[in-house]
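Visitor: Sequence and predicted structure are below.
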Amino acid sequence: MEEKTERTKIILDTDIGDDADDALAICLAVKSRELDILGITTVFRNTAARAKIAVSLLRELGREDIPVYAGLQISILTFNTFNRFI
């Protein structure tokens, strides 16, 4: 009988599309029996295109149930407390 273990809930924050490391991380996380991926967010520059890449990868992995969200295209560190550029 297989023992049930609680899976660790995670959100992956990625800049997928520049090199293979983020795609590999998503693949490994999806195939892990220890992780429960709540969602994937994309960051850095063209976040909408990065989100499309993540969606395509998840489709190939048969995990279209994982939501993907495009984030800000610039670092939040460029904003001060009044949402103005520093």
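Guide: Happy to help now that I have it.
Visitor: What is the neighbour count of Asp21?
Guide: Asp21 has 11 neighbours, counted by other C-beta atoms under 10 Å. C-betas here are computed from N, CA, C, even on glycine.
Visitor: hmm, I was thinking of Tyr69
Guide: Counted with other C-beta under 10 Å, Tyr69 comes out at 13.
Visitor: Report the contact partners of it.
Guide: The neighbourhood of Tyr69, defined by C-beta atoms under 8 Å, 6 or more residues apart in numbering, consists of 39-42, 51.
Visitor: Which of these fall in strands?
Guide: Judged by DSSP state E, these include 39-42 as members of strands.
Visitor: Mind checking which of those residues are buried?
Guide: Among those, those buried by neighbour count (16 or more other C-beta atoms under 10 Å) are 40-42.
Visitor: Distance to Leu12 and pLDDT added to the ones in strands among the contacts of Tyr69, as a markdown table?
Guide: Compiled in a markdown table, the ones in strands among the contacts of Tyr69 are given as follows (distance: C-beta to C-beta, whole Å; pLDDT from 0 to 100):
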| residue | distance to Leu12 | pLDDT |
| --- | --- | --- |
| Gly39 | 8 | 98 |
| Ile40 | 5 | 98 |
| Thr41 | 7 | 96 |
| Thr42 | 9 | 95 |
